[in-house]
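A.B. asks: Can you look at this prediction? I've put the sequence above it.
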Amino acid sequence: MSAQEEATDVSEEIREPEVAIDELSRYERVKLARHQMRPFTLDYVDYLFSDFVELHGDRSFRDDPAIVAGWAGFRGRSLMVIGHQKGRDMKENVRRNFGSAHPEGYRKAERLMRMAEKFGKPVVTFVDTQGAYPGIGAEERGQAEAIARNLFVMSGLRTPIVSCVIGEGGSGGALGIAVADRVLMMENAIYSVISPEGCAAILWRSRDEAERAAEALKLTASDLMGFGIVDELIPEPGGGAHVSPESAAEELGEALARVLDELCAMDIEELVRARHEKYYAMGRWEEVQG
């Protein structure tokens with residue numbers, strides 16, 4: 001069964017509001033992160049932003065509907081919104097490629113991030129993808145280079161960047177729009193170098209071991225907060241964000257407003273220096289002789 005099929009195969013016991021979210025296993029949170037009714041990027045755009053003007057194309061090959069982007073207003077502030085976008089039904093999912101972007105999607109994101117930098121406006125990204133599309137055409141057009149270019153550009157972009165992991169944060173496809181000054185993560189979102197199914201297929205030669213892999217990957221918001229990978233966990237309504245999207249958006253909006261106020265008040269040199277230090281610190285370790 002594919003990850004897309006599993007996204008629609010969410011058990012009833014984790015869809016109802018009365019479920020104790022704290023008791024969910026890591027793999028149950030994976031299923032919640034993939035829930036087909038979970039708010040996507042454009043849902044949060046509708047709930048949180050005003051006057052959204054979508055912009056298209058990478059000025060090289062085509063527009064990629066798996067990544068949506070454009071100018072928007074947020075509580076009196078103009079900013080650039082960029083995010084992965086999935087579909088609610090099969091037709092829309094095919095058009096959006098299930099939220100798995102081609103290189104032109106990442107190049108569109110880079111183009112618009114540079115535009116935001118030019119006009120001195122913050123960038124807000126929404127991460128929700130199983131990963132970048134690994135097809136032959138995408139590889140031929142430079143998928144790896146496009147993602148690597150985004151990592152380079154975002155690391156030095158001279159404007160505030162906030163990234164929100166709202167569903168699945170899968171591998172380099174997620175990281176391609178997630179190098180940020182602050183990374184916010186919804187309570188039932190996931191963020192990992194590989195999916196539990198992919199990990200299980202590699203380590204145990206069976207996707208049936210996905211639950212075991214999810215435990216080993218430590219891919220939940222609380223896990224990643226503990227590792228210092230993300231900066232803030234955003235609470236979700238009981239049962240998950242899809243139970244009350246408005247409430248989930250309100251929680252995210254409050255955090256976003258607070259973080260943007262903080263970042264926009266910083267000197268730009270200090271902001272970029274702090275961003276570099278944030279990522280340099282990840283994965284540091286020391287040998288201690290006992």
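C.D. replies: Arrived safely, thanks for sending.

A.B. asks: what about the residue most central in space within the chain, distance to Glu168?
C.D. replies: Compute the mean C-alpha point of the chain, and by CA atoms, centre = their mean the closest residue is Val127, 1.6 Å away. Using CB to CB, to the nearest Å, one obtains 8 Å as the distance from Val127 to Glu168. Placement of C-beta: from N, CA and C, glycine included.

A.B. asks: Let's verify the residue nearest to the centre of the chain: helix, strand, or coil?
C.D. replies: strand (DSSP: H, G, I helix; E, B strand; the rest coil).

A.B. asks: if I look at Leu151, how far off is Ile177?
C.D. replies: Separation of Leu151 from Ile177 (CB to CB): 10 Å.

A.B. asks: Now do the contacts for Trp204.
C.D. replies: In this structure, Trp204 makes contact with 212-213, judged by CB atoms under 8 Å, 6 or more residues apart in numbering.

A.B. asks: I misspoke; the intended subject was Leu157.
C.D. replies: So Leu157 contacts 113-114, 116-117, 123, 272 (CB under 8 Å, 6+ apart).

A.B. asks: got any ranges where this structure has weak pLDDT?
C.D. replies: For the chain, residues meeting the criterion pLDDT under 70 lie at 1-22, 290.

A.B. asks: Could you rerun that using 80?
C.D. replies: 1-23, 283-286, 290 (pLDDT under 80).

A.B. asks: ranges for the strands of it?
C.D. replies: 50-54, 67-74, 77-84, 123-129, 161-170, 182-186, 190-192, 232-234 (DSSP state E).

A.B. asks: which one of these lies closest to Gly142?
C.D. replies: When these are ranked by proximity to Gly142, the top entry is strand 67-74, at 15.6 Å, counting by CB to CB.

A.B. asks: contact partners of the closest one?
C.D. replies: So strand 67-74 is contacted by 41-42, 45, 48-55, 78-85, 101, 105-106, 108-109, 112, 121, 124, 177, 256-257, 260 (CB under 8 Å, 6+ apart).

A.B. asks: Could you identify the buried members of those?
C.D. replies: Buried subset of those (neighbour count, 16 or more other CB atoms under 10 Å): 41-42, 45, 48-49, 52, 55, 79-85, 101, 105-106, 108-109, 112, 121, 124, 177, 256, 260.

A.B. asks: Distance of the nearest residue to Arg95 once chain neighbours are set aside relative to Val179?
C.D. replies: Nearest residue to Arg95, sequence neighbours excluded (CB to CB, 6 or more residues apart in numbering): Pro65, at 5.5 Å. Distance from Pro65 to Val179, counting by CB to CB: 23 Å.

A.B. asks: For these two, work out which one has more neighbours and name it.
C.D. replies: Comparing Pro65 with Val179 by other CB atoms under 10 Å, the one with more neighbours is Val179, at 21 against 18.

A.B. asks: Just give the nearest non-adjacent residue to that one, would you?
C.D. replies: Met154 (3.8 Å).

A.B. asks: Which elements pack onto the lengthiest helix in the chain?
C.D. replies: Ranked by residue count, the top helix of the chain under DSSP state H comes out as helix 245-264. Counting contacts by 3 or more CB pairs under 8 Å, 6 or more residues apart in numbering; DSSP states H and E, helix 245-264 packs against helix 41-48, strand 67-74, strand 77-84, strand 161-170, strand 182-186, strand 232-234.
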